[in-house]
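Asker: need a structure here:
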Amino acid sequence: MSRFFATGSDSESEESSSADEITPKAPGTTFKQSLLISDDEEDTKRIVRSAKDKRFEELTNLIKTIRNAMKIRDMAKCLEEFEQLCRAFLKSKTIVDKEGVPPFYIRLLADLEDYLNQLWEDKEGKKKMNKNNAKALSTLRQKIRKYNRDYETEIASYKENPQESADEEEEKEAGDSGSSSDSDGEGEDGVSAKAFLKKKPEPTPDASKFLKSAKGSGDESSSSDDDENEDWGSDTVDSGSESSDDGDEKSSSLALVFLKKTQDSDKSEKRLAKRKKPKKKERLEEEGEEEGGEEVEGGWEKVKGGAPMVKPKMFAKGTEINIPVVVKKLNEILQARGKKGTDRAAQIELLHALAAIALENNLGQGIMVKIKFNIVASLYDYNPNLAAFMKPDMWKKCLDCIDELLDILFEHNNIFIGENIAEDSENLAVSDQPFRVRGCILTLVERMDEEFTKIMQNTDPHSQEYVDNLKDEGHVCGIIDRLLNYMENKGSTEEICRIYLRRIMHTYYKFDYKAHRRSLGLQGETKSEQDQEESEGEDSAVIMDRLCKFIYAKDRTDRIRTCAILCHIYHHALHSRWYQARDLMLMSHLQDNIQHADPPVQILYNRTMVQLGICAFRQGMIKDAHNALLDIQSSGRAKELLGQGLLMRNMQERNAEQEKIEKRRQVPFHMHINLELLECVYLVSAMLLEIPYMAAHEFDARRRMISKQFHHQLRVGERQPLLGTPESMREHVVAASKAMKMGDWRTCHSFIINEKMNSKVWDLFPETQRVREMLVRKIQEESLRTYLFTYSSVYDSIRMETLSEMFELEIPTVHSIISKMIINEELMASLDQPTQTVVMHRTEPTSLQNMALQLAEKLGSLVENNERVFDLKQGVYGGYFNRDQKGGYQQKQSYQRDQKGGYQGGYQGGYQRGGYRNQNQGNY
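Answerer: Prediction:
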């Protein structure tokens with residue numbers, strides 16, 4: 001059938017015309033032209049533009065928005081768009097460095113500054129502005145003035161001749177568009193105009209030809225395609241005049257768009273399939289070669305699955321390795337730092353390889369120091385999460401790298417490093433001038449110390465791994481010592497204070513056994529130990545004293561000085577230097593404003609106060625020990641306040657984020673203070689103070705508590721239905737308290753000092769025997785006082801010799817204790833010196849008289865209350881209420897206190913009066 005055979009309606013002709021354009025071909029049979037036609041078809045999909053065009057288009061769009069905002073006086077929009085413009089210009093810095101600052105950018109800066117100055121001078125206009133616009137105007141004016149300082153010369157030249165600058169800009173834009181059109185013309189390579197005529201629809205193509213073309217698009221040979229190209233090309237020329245009369249061009253062109261896309265997608269898929277086949281063959285051949293190589297060499301490993309990571313080549317073959325080239329490569333590697341999908345381990349390897357290349361080519365120590373700085377920084381960045389800790393292999397690499405860096409710095413005195421050195425002013429080349437490298441070794445070491453703390457926090461403290469990790473502390477301290485020596489020669493005062501504090505933090509909590517042995521006059525058991533002691537340097541006390549005093553004198557930041565003072569007090573207290581520790585605490589006045597410090601410093605303060613209390617207890621200062629430990633122990637949160645663990649709480653009190661933060665503040669396990677020892681010291685101190693006081697004020701209705709926690713333990717012990725042998729430390733203290741109440745010091749002594757308590761508590765002290773002797777002495781003395789308070793009403797007189805035998809105390813000691821009690825009016829008695837007798841004065845009421853007095857007081861209160869109720873019922877509002885109108889409420893309160901009972905009422909009254917702590921507040 002002839003392809004020009006056309007019968008049917010207009011709709012058929014429209015369908016055929018649209019179908020005719022499914023395979024539009026340009027006339028001619030050359031392969032080059034057919035390729036160009038396909039490119040022409042794809043022009044509608046993508047436009048290839050240079051980076052310069054993209055960046056400049058972004059800038060011009062932002063400038064248009066700013067100019068529109070200027071027209072409507074929208075200052076907030078101006079400010080927002082100007083900030084975006086500055087960011088976009090910063091991104092275009094590389095292009096601007098090559099091409100120069102574009103004139104349209106200078107033009108906007110000049111116009112915007114003039115415009116803002118105009119608005120600023122218009123006082124009435126400013127008053128009419130809303131709050132946001134007025135604020136934006138002042139902010140934008142400051143920013144533009146500051147920003148324009150960098151472009152003063154360009155803006156000045158523009159202002160001298162603004163018309164010429166605008167003309168140059170237009171010419172440049174026209175030249176750019178002309179060049180782009182020329183390049184397009186060159187790309188077309190002389191394609192005739194007939195190639196573009198095929199886009200016009202043909203009114204009456206043959207249906208059979210449409211089918212043929214659809215089939216031929218995928219299956220026919222290239223020769224038949226060429227014949228069809230010729231036929232369709234002539235057809236389009238003929239149909240050009242016919243289609244001009246057709247009114248349905250728009251609908252046909254719309255259908256054409258969709259039909260072309262389907263065909264193009266089919267073509268593109270087939271092209272990709274053809275391309276993939278040879279690639280697949282090549283890949284298979286390469287794998288075969290690799291397998292062959294594996295058999296020969298035996299060193300290759302086949303990786304299955306996933307795209308293998310190809311390591312980028314450091315330098316092209318034949319490239320001259322010099323400092324600028326290495327710095328450029330270093331910057332290329334660092335640009336990927338922090339980006340999503342970056343392989344951080346590979347980045348570290350690349351930096352190590354770069355360091356090896358620099359060393360191989362003898363580029364000098366300056367570039368080596370710079371690369372080492374970046375290697376350590378990359379090792380720290382390996383774990384982006386703050387809570388995560390470094391893996392053992394990364395930790396070892398970090399320590400080794402810092403050691404190497406310090407070796408270089410010690411060997412070469414002509415290397416200057418510092419954060420204040422700008423990258424532009426760095427001197428990395430080998431020359432007469434000293435090396436200047438940007439970086440801070442102190443920051444790296446501080447971060448290393450923090451990473452060590454994180455490793456210890458995240459390791460199970462009861463495992464061998466913790467012990468192995470703790471061995472690294474010697475290496476960490478060695479690095480800190482080396483840096484300390486370096487900073488003393490080359491560092492500023494502030495940096496020296498920072499590194500001194502790091503050294504102090506690794507020293508203050510450690511007990512110096514060798515110095516302690518020397519102070520006792522003991523020597524090492526073997527000759528090697530003696531030699532080691534002689535070869536070792538100064539004691540930790542001397543080191544702490546030297547470092548802390550330097551910080552006291554030179555430090556300008558309160559935080560470092562506060563930490564140094566607390567560490568110094570802790571170290572004094574740990575080594576039983578009670579008076580130095582106490583005086584330093586009182587002189588520093590830290591207790592007045594410690595609540596304003598940050599949480600880590602508060603934790604350090606709590607640890608110091610606890611250590612101070614334990615030190616006072618070891619020295620026999622029972623009252624001071626109790627005062628120091630009262631705040632921590634009375635809270636019931638000693639574990640949390642000392643940073644040794646978290647207590648279980650509701651989610652309302654502490655969310656997950658706060659819990660993570662608090663976990664990061666925890667003290668590593670090897671620095672912990674034994675909480676059972678702490679509680680035992682507190683309870684024994686409270687027992688030695690509270691039991692004599694309770695005996696002295698047994699019938700006092702207004703008696704107060706010295707230790708609330710101790711009373712709680714006593715009540716728990718009294719509520720137990722069966723009293724067996726004490727098991728826990730608390731049960732031992734409660735049993736000892738009951739024995740002391742009866743004046744039985746031997747039973748009290750057996751409960752406090754025995755094998756179980758020795759293993760749990762007393763053997764943990766450095767001078768165990770001395771502490772036990774002190775405890776026995778205190779128990780004897782306080783038991784004597786309790787005995788006299790309890791049984792003084794039974795005796796007319798008692799010989800001091802008898803008391804000395806009962807409590808196994810020397811007569812002068814008994815004489816001293818009784819004298820103090822008489823002077824303080826605690827005991828109504830007198831001493832008969834010739835007979836060494838204590839004569840009791842019958843001034844104190846007996847227990848029966850005390851009970852009668854209490855009954856009389858309560859009956860009086862009852863009568864008073866009845867009178868009040870009676871007056872209310874009778875409706876008498878005069879007399880009592882008018883007379884006691886001012887003091888009536890206070891009397892009522894007094895009645896309610898008495899109604900509850902003597903013990904509770906006495907506690908309330910005593911506590912409101914200030915209590916034990918307020919009386920002794922001057923001590924701390």
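
Asker: next, name the residue at the spatial heart of this structure.
Answerer: Nearest residue to the geometric centre of the chain (C-alpha atoms, centre = their mean): residue 386, 5.8 Å.

Asker: need the contact list for that one.
Answerer: residue 664 (C-beta atoms under 8 Å, 6 or more residues apart in numbering). Glycine gets a C-beta too; all of them are placed from N, C-alpha and C.

Asker: check residue 390 too.
Answerer: Residue 390 touches 379, 382-383, 398, 451, 454-455, counting by C-beta under 8 Å, 6+ apart.

Asker: tell me the one of those nearest residue 342?
Answerer: For these, the residue nearest residue 342 by C-beta to C-beta is residue 382; the value is 11.0 Å.

Asker: neighbours around the nearest residue to the closest one once chain neighbours are set aside, how many?
Answerer: Of all residues not flanking residue 382 in the chain, residue 344 sits nearest, at 5.0 Å (C-beta to C-beta, 6 or more residues apart in numbering). By other C-beta atoms under 10 Å, 17 other residues sit near residue 344.

Asker: do you know how far residue 344 is from residue 148?
Answerer: Distance of residue 344 to residue 148, given as C-beta to C-beta, to the nearest Å: 41 Å.

Asker: go on, residue 623?
Answerer: Separation of residue 623 from residue 148 (C-beta to C-beta): 72 Å.

Asker: try residue 485
Answerer: Taken as C-beta to C-beta, the span from residue 485 to residue 148 is 49 Å.

Asker: neighbour count for the two, which is higher?
Answerer: Applying other C-beta under 10 Å to residue 485 and residue 148 shows that residue 148 carries more neighbours, namely 16 against 12.

Asker: doesn't residue 111 make contact with the more buried one?
Answerer: No. With contact defined as C-beta atoms under 8 Å, residue 148 does not count as touching residue 111 (11.4 Å).

Asker: could you chop the protein up by domain?
Answerer: Listed by the TED database, the domain ranges of the chain are 51-160, 323-516+539-592, 674-840.

Asker: and the ones you listed as JSON lines, adding distance to residue 314 and mean pLDDT?
Answerer: Shown next, in JSON lines, are these (distance: least, C-beta to C-beta, whole Å; pLDDT from 0 to 100):
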{"stretch": "domain 51-160", "distance to residue 314": "23", "mean pLDDT": "88"}
{"stretch": "domain 323-516+539-592", "distance to residue 314": "6", "mean pLDDT": "89"}
{"stretch": "domain 674-840", "distance to residue 314": "56", "mean pLDDT": "90"}
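
Asker: tell me which of the ones you listed sits nearest to residue 642.
Answerer: Between the domains of the chain, domain 674-840 lies closest to residue 642; by C-beta to C-beta that is 7.8 Å.

Asker: from the chain's centroid, how far away is the closest one?
Answerer: 50 Å (C-alpha atoms, centre = their mean, to the nearest Å).

Asker: OK, contacts around the closest residue to residue 783 other than its chain neighbours?
Answerer: Setting aside the residues directly before and after it, residue 783 is nearest to residue 745 in space (C-beta to C-beta, 6+ apart), at 3.6 Å. By C-beta under 8 Å, 6+ apart, residue 745 lies in contact with 739, 779-780, 783-784, 807.

Asker: likewise residue 633?
Answerer: Residue 633 neighbours (C-beta under 8 Å, 6+ apart): 678-679, 682, 709.

Asker: re earlier: ok, the contacts of residue 745 vs residue 552, which is closest?
Answerer: residue 779 (41.1 Å).

Asker: how about the secondary structure of that closest one?
Answerer: Here residue 779 is recorded as helix under DSSP: H, G, I helix; E, B strand; the rest coil.

Asker: try residue 561
Answerer: Residue 561 is classified as helix under three-state DSSP.

Asker: mind listing what's buried in whatever helix or strand residue 863 lives in?
Answerer: Following DSSP states H and E, one finds residue 863 within helix 847-874. Using 16 or more other C-beta atoms under 10 Å as the test for burial, helix 847-874 gives 861, 868.

Asker: how far away from the center of its chain is that helix?
Answerer: With C-alpha atoms, centre = their mean, you get 65 Å for helix 847-874.

Asker: tell me how far residue 772 lies from residue 787.
Answerer: Residue 772 is 22 Å from residue 787, by C-beta to C-beta.

Asker: more crowded one of those two?
Answerer: The neighbour comparison of residue 772 against residue 787 (other C-beta under 10 Å) goes to residue 787, with 22 against 18.

Asker: thought the more buried one was touching residue 743?
Answerer: Yes. Judged on C-beta under 8 Å, residue 787 makes contact with residue 743 at a distance of 3.4 Å.

Asker: and for those two, which residues touch both?
Answerer: In contact with both residue 787 and residue 743: no residue, using C-beta under 8 Å, 6+ apart.

Asker: how about the contacts made by residue 329?
Answerer: Neighbours of residue 329 in contact, by C-beta under 8 Å, 6+ apart: 314-315, 354.

Asker: show me which of those is closest to residue 811.
Answerer: Distance to residue 811, by C-beta to C-beta, is smallest for residue 354 among those, at 85.1 Å.

Asker: name the element that closest one belongs to?
Answerer: Applying DSSP H and E, one finds residue 354 within helix 344-360.

Asker: helices or strands up against that helix?
Answerer: If you count contacts as 3 or more C-beta pairs under 8 Å, 6 or more residues apart in numbering; DSSP states H and E, helix 344-360 packs onto helix 323-335, helix 365-381.

Asker: would you mind writing the CA trace of it as CSV?
Answerer: Taking C-alpha atoms only, helix 344-360 is exported to CSV below (Å, rounded to 0.1, in the frame of the first residue of the first chain):
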residue,chain,number,x,y,z
ARG,A,344,37.0,8.2,59.0
ALA,A,345,39.4,5.2,59.3
ALA,A,346,40.5,5.6,55.7
GLN,A,347,41.0,9.3,56.3
ILE,A,348,43.4,8.5,59.2
GLU,A,349,45.3,6.1,56.9
LEU,A,350,45.6,8.7,54.2
LEU,A,351,47.1,11.2,56.7
HIS,A,352,49.6,8.6,57.9
ALA,A,353,50.5,7.9,54.3
LEU,A,354,51.0,11.6,53.7
ALA,A,355,53.2,11.9,56.8
ALA,A,356,55.3,9.0,55.4
ILE,A,357,55.7,10.7,52.0
ALA,A,358,56.7,14.0,53.7
LEU,A,359,59.3,12.2,55.8
GLU,A,360,60.6,10.3,52.8
